[in-house]
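Q: How does the following fold in three dimensions:
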Amino acid sequence: MIEHLVFLLEEPSAQDFLQGILPRTLSREITPHFIVFEGKQDLEKQLQRRIKGWLRPNSRFIVMRDQDSGDCVIIKKRLQDLCAATGNTDIVVRIACRELESFFVGDWHAVAEAFEKPALTKHDRKAKFRNPDNLVSPSRELKRIIADYQKRDGARRIAPHLTPARNRSQSFQVLWQSLNQLTQE
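A: Prediction:
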């Protein structure tokens, strides 16, 4: 049984996001831990050392990073290879297609609730946002629509309001399914 779920993250806003959604899926018996790196290069540089150095038994790992402008398949394969080299074979690697903010624009109702601006829900009907994982820069879209949008504040505010059943981000759905599967083990 899993007692510790360890997240290896590219940036602090990913931790803010996870802290907002994990209470809905993690049982009290599972303790989340967050190892936050200073960007994707730092994550890849230190990933193996941090996994090998983790000493708590009954732990599972999830590596999470943004796709940005890279090739999702290549990025995931590189991270999986780094993880496999640690000798630990059940590490989950999840890529946020383009950016973490894809998860947010996948659910405009959550954004509207978080910022107490009901009019924001209208963006849910726009063709541009039907497949948020295809947006070049979801964070730029949020900043354009919400002038004072900041990554960490946005993650803290929006994550608790996200509803998986209505979220259009496929990469969010894959992460959500992974979280649910891990908590059932």
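Q: Let me see the ranges of the strands in this protein.
A: Under the criterion DSSP state E, the chain contains strands at 4-9, 31-36, 59-66, 92-96.
Q: Out of those strands, flag the one nearest Phe115.
A: strand 92-96 (20.7 Å; CB to CB). All C-beta spots, glycine's among them, are computed from the backbone N, C-alpha and C.
Q: That closest one - what's its average pLDDT?
A: Averaging pLDDT along strand 92-96 gives 96.
Q: and what of stretch 107-125?
A: So the average pLDDT for stretch 107-125 ends up being 97.
Q: give me every residue that touches the nearest residue to Ser169 once chain neighbours are set aside.
A: Distances taken as CB to CB, 6 or more residues apart in numbering place Gly106 nearest to Ser169, at 3.2 Å, with adjacent residues excluded. Residues in contact with Gly106 (CB atoms under 8 Å, 6 or more residues apart in numbering) are Phe129, Pro132, Asp133, Asn167, Arg168, Ser169, Phe172.
Q: State the number of residues packed around Ser102.
A: Neighbour count for Ser102, taken as other CB atoms under 10 Å: 28.
Q: I'd say it and Leu135 touch.
A: Yes. Look at Ser102 against Leu135 with CB atoms under 8 Å: they come within range, at 6.5 Å.
Q: and the strands of the chain as TSV, adding mean neighbour count and distance to Pro23?
A: Below are the strands of the chain laid out as TSV (neighbours: other CB atoms under 10 Å; distance: least, CB to CB, whole Å):
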stretch	mean neighbour count	distance to Pro23
strand 4-9	21	13
strand 31-36	15	10
strand 59-66	22	16
strand 92-96	21	19
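Q: Among the contacts of Gly106, which one is most surrounded by other residues?
A: That'd be Ser169 among the contacts of Gly106, by other CB under 10 Å, with 28 neighbours.
Q: In contact with that residue: list those residues for me.
A: Ser169 neighbours (CB under 8 Å, 6+ apart): Cys97, Ser102, Phe103, Val105, Gly106, Asp107, Pro132, Asp133.
Q: Take those and keep only those in helices.
A: Ser102, Phe103, Val105 (DSSP state H).
Q: show me the contacts for Ala114.
A: Gly154, Arg157, Ile158, Pro160, His161.
Q: ok, the first one touching Leu100?
A: The one in question is Gly154. No. Using CB under 8 Å, Gly154 makes no contact with Leu100, being 9.3 Å away.
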